[in-house]
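Engineer: The sequence and its predicted three-dimensional model are supplied below.
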Amino acid sequence: MLIIILIRKMEMTSQGVWKDGLPYKKRYFAGIVCLIEGKAILDGKRRLKDGYNPAVVDTAGAVLGYKYFNFRTTKLNDFTLVLNAQASDKWSVKIELMPHNEKKQILLKEQELKPAAKGKTDFENYTLTIDKLTQKSELEALGGLMGSAALFVTVKPTASNVAIKEIGFS
């Protein structure tokens, strides 16, 4: 008896069983990352009490890519991105979006972030307001931010590693 198993070529995504993308109004474990460019790892040695391994970016910086979040069917003008992270010093972040089936990333925000207290080692929420989306010509040419899109988070620590536990929207 000959058994043939066909495995189709598939795209690596973060969305699991969500065929239309992850609902964007939730928080997700940062380890669902499906693309890492640069110096970052999912660090099993830093496993947290909740069982999750944080995505740790070293001082060289890295891009963490998440495919796909579903931004619904209504055009958004703004949203808030929350990164639950651990950093002992300031770090910078760049947020880019690439609508599904597009080839170009669209810059949404660049910002420097600082921990509540320098040298602090707890995880804390860093909130980035992404606004004026309807004024971004690249998004408007596509009909605005709707449907599924990949999110790319470029992290650049200044003095020490940054560990990201969760990524979420509100």
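Structural biologist: Cool, the structure landed. Bear in mind that the values here come from a model prediction, so they are computed numbers and not experimental data. Residues are numbered from 1 along each chain as shown.
Engineer: What pairs with the top strand by length along the chain, parallel or antiparallel?
Structural biologist: Using DSSP state E to define each element, the chain has its longest strand at strand 55-70. Strand 55-70 has its sheet partners listed here by DSSP bridges as strand 22-23 (parallel), strand 35-42 (antiparallel), strand 148-157 (antiparallel), strand 162-169 (antiparallel).
Engineer: Let me know which of those is the nearest to residue 92.
Structural biologist: Residue 92 lies closest, by Cβ to Cβ, to one member of the strands paired with strand 55-70: strand 148-157, at 4.7 Å. C-betas here are computed from N, CA, C, even on glycine.
Engineer: Could I get the CA-only coordinates of the closest one as CSV?
Structural biologist: Included here for strand 148-157 are C-alpha records, laid out as CSV according to Å, rounded to 0.1, in the frame of the first residue of the first chain:
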residue,chain,number,x,y,z
SER,A,148,-5.7,42.1,7.6
ALA,A,149,-2.2,43.5,7.8
ALA,A,150,1.2,42.5,9.0
LEU,A,151,2.7,44.5,11.8
PHE,A,152,6.5,45.1,12.1
VAL,A,153,8.1,46.3,15.3
THR,A,154,11.7,47.4,15.0
VAL,A,155,13.3,47.5,18.4
LYS,A,156,16.6,49.3,19.1
PRO,A,157,17.9,49.1,22.7
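Engineer: How far away from the center of its chain is the helix or strand encompassing residue 82?
Structural biologist: Assigned by DSSP states H and E, residue 82 belongs to strand 79-86. Centroid separation for strand 79-86 versus its chain: 9 Å, with Cα atoms, centre = their mean, to the nearest Å.
Engineer: Against residue 157, how distant is residue 37?
Structural biologist: 15 Å (Cβ to Cβ, to the nearest Å).
Engineer: Comparing the two, which residue is more hemmed in?
Structural biologist: When neighbours are counted by other Cβ atoms under 10 Å, residue 157 comes out ahead of the other of residue 37 and residue 157, with 22 against 12.
Engineer: need the contact list for the more buried one.
Structural biologist: Going by Cβ atoms under 8 Å, 6 or more residues apart in numbering, residue 157 touches 57-59, 61, 87, 89, 91.
Engineer: Would you list the buried entries among those?
Structural biologist: 57, 61, 87, 89, 91 (16 or more other Cβ atoms under 10 Å).
Engineer: residues touching the closest residue to residue 70 other than its chain neighbours, list them.
Structural biologist: Closest residue to residue 70 apart from its sequence neighbours, by Cβ to Cβ, 6 or more residues apart in numbering: residue 21 at 3.4 Å. Residues near residue 21 by Cβ under 8 Å, 6+ apart: 15, 68-70, 100, 147-149.
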